[in-house]
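Peer 1: Using only what follows, build the 3D model:
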Amino acid sequence: MLVDSPPEPRAETAPAPPKRRAIRSIGLLVSVAVLLLVFLVSIAVGAKPMSMDQVWHGLFQDTGTYGDVVVGERLSRTLLGLLAGVALGLSGAVLQALTRNPLADPGLLGINLGASAAVVSAISFFGVTSLSGYVWFAFVGAALVGVLLYILGGARGATPVRLALAGTAISAALYGYLQAVMIMDGAALNKMRFWTVGSLASANMDTIQQVLPFLAVGTVLALGLARPLNAMAMGDDTARALGAHLTRTRALSMAAATLLCGAATAACGPIVFIGLMVPHIVRSFTGPDMRWILPYSAVLSPVLLLGADVVGRIVARPSELQVGIVTAVIGAPVFIFLVRRRKLAQL
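Peer 2: Predicted structure coming up:
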């Protein structure tokens, strides 16, 4: 009697040779070192020039002086930038794998706009004016869009194409709602114009504490989805043959992306290109193996976000540019260049 043998893994998702795994591991350690360096630069450099003695004093001997207060504010925005970068990178990588579209990101599926629509509603209809007040509205808005997207995408029968089409439809509807509310309410427009470009300038420890539990759960969930997402990349039939639970994987992927993107957007506003560009770049040297894409994206995304924030503080001294503007200005031409490269275009 003949017995069908289990399908062999494709070359791109098969276990990497030991030498390649060693190179990837070393590259990941180097990326962590670069992240640590950028983290320190973000604390030391800002719109107001400060000496290293002042920075050191503010970090370890805070006496409440003006310089110590500035260093404390930089530490808060750097921590928030680190957390938001990890969240945006992981959510982008998960959504690209879920939709099998290397150009997908949280904005494509409407999660960012869900958070934005909730904040506009909170400002316009409930009179909420503080970041700590509308952070919860933003998170709930992102979560509702995630649930709606999953339902419209077919729930148990969701496919990458259905999810992408549902996200496009939801984004169009939410964008129209945003424009209508802001046009009719001038106060909402004035308060929203800074939040909608994305910024770390309003970071504080209270905001970090509010979003940290959601980011922690979303990060653990996303990293745990690497193997089932690899199986799904081979096609639904092959994934089932390998023992993957497609419905559960899709539901958990949407939950992880919603937690990560919703919390990051709530705290910083909709920052563009991070979740799109970094996983796309990472895939060029790791291949499509999610076991490497996810950790690399989690490390390199905050490098880009914090680096852009530092650039925004320097180029417009003594004022500063919001990080969302810097990522858009830098990210758009760089991403166009990368997409045109044959190696990435063929992924």
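Peer 1: Just the helices from the stretch 51-200 of the chain, written as ranges.
Peer 2: In the stretch 51-200 of the chain, the segments counted as helices under DSSP state H, counting those that start in this stretch are 52-60, 66-99, 111-126, 131-152, 160-184, 186-195.
Peer 1: Repeat that for the stretch 201-347 of the chain.
Peer 2: Under the criterion DSSP H, counting those that start in this stretch, the stretch 201-347 of the chain contains helices at 205-223, 226-232, 236-241, 246-268, 274-286, 290-315, 323-340, 342-345.
Peer 1: Put together JSON lines for those, with distance to residue 138 on each row.
Peer 2: C-betas here are computed from N, CA, C, even on glycine. Shown next, in JSON lines, are those (distance: least, C-beta to C-beta, whole Å):
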{"stretch": "helix 205-223", "distance to residue 138": "10"}
{"stretch": "helix 226-232", "distance to residue 138": "26"}
{"stretch": "helix 236-241", "distance to residue 138": "34"}
{"stretch": "helix 246-268", "distance to residue 138": "3"}
{"stretch": "helix 274-286", "distance to residue 138": "16"}
{"stretch": "helix 290-315", "distance to residue 138": "18"}
{"stretch": "helix 323-340", "distance to residue 138": "15"}
{"stretch": "helix 342-345", "distance to residue 138": "32"}
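Peer 1: Quick one, which of those gets closest to residue 50.
Peer 2: Set against residue 50 and scored by C-beta to C-beta, those come closest in helix 290-315, at 11.6 Å.
Peer 1: Can you list the low-confidence ranges for the stretch 101-250 of the chain?
Peer 2: Counting by pLDDT under 70, the low-confidence segments of the stretch 101-250 of the chain come to 103, 108, 131-132, 155-160, 187-195.
Peer 1: swap the cut-off to 90 and go again
Peer 2: Scanning the stretch 101-250 of the chain for pLDDT under 90 picks out 101-169, 171-172, 175-176, 178-207, 209-211, 214, 230-250.
Peer 1: and the residue positioned nearest the centre of the chain, what does it touch?
Peer 2: In the chain, the residue lying closest to the centroid (C-alpha atoms, centre = their mean) is residue 88, at 0.6 Å. Residues in contact with residue 88 (C-beta atoms under 8 Å, 6 or more residues apart in numbering) are 106, 260-261, 264, 271, 274-275, 278, 301, 305.
Peer 1: cool, and residue 109?
Peer 2: 95, 99, 145, 149, 163-164, 166-167, 170-171, 257 are the contacts of residue 109 under C-beta under 8 Å, 6+ apart.
Peer 1: Show me which of those residues is closest to residue 223.
Peer 2: Nearest to residue 223 among these is residue 257, at 13.0 Å by C-beta to C-beta.
Peer 1: who's in contact with the closest one?
Peer 2: 91, 94-95, 98, 106, 109, 111, 146, 218, 222.
Peer 1: Would you reformat these as TSV and include distance to residue 17?
Peer 2: Listed next are these as TSV, based on distance: C-beta to C-beta, whole Å:
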residue	distance to residue 17
91	30
94	26
95	29
98	28
106	34
109	35
111	37
146	38
218	32
222	26
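Peer 1: What's the local residue count around the residue lying closest to residue 298 once chain neighbours are set aside?
Peer 2: Using C-beta to C-beta, 6 or more residues apart in numbering and skipping the chain neighbours, the partner closest in space to residue 298 is residue 86 (4.8 Å). Using other C-beta atoms under 10 Å, residue 86 is surrounded by 24 other residues.
Peer 1: So for residue 86, what pLDDT did the model give?
Peer 2: As predicted, residue 86 sits at a pLDDT of 96.
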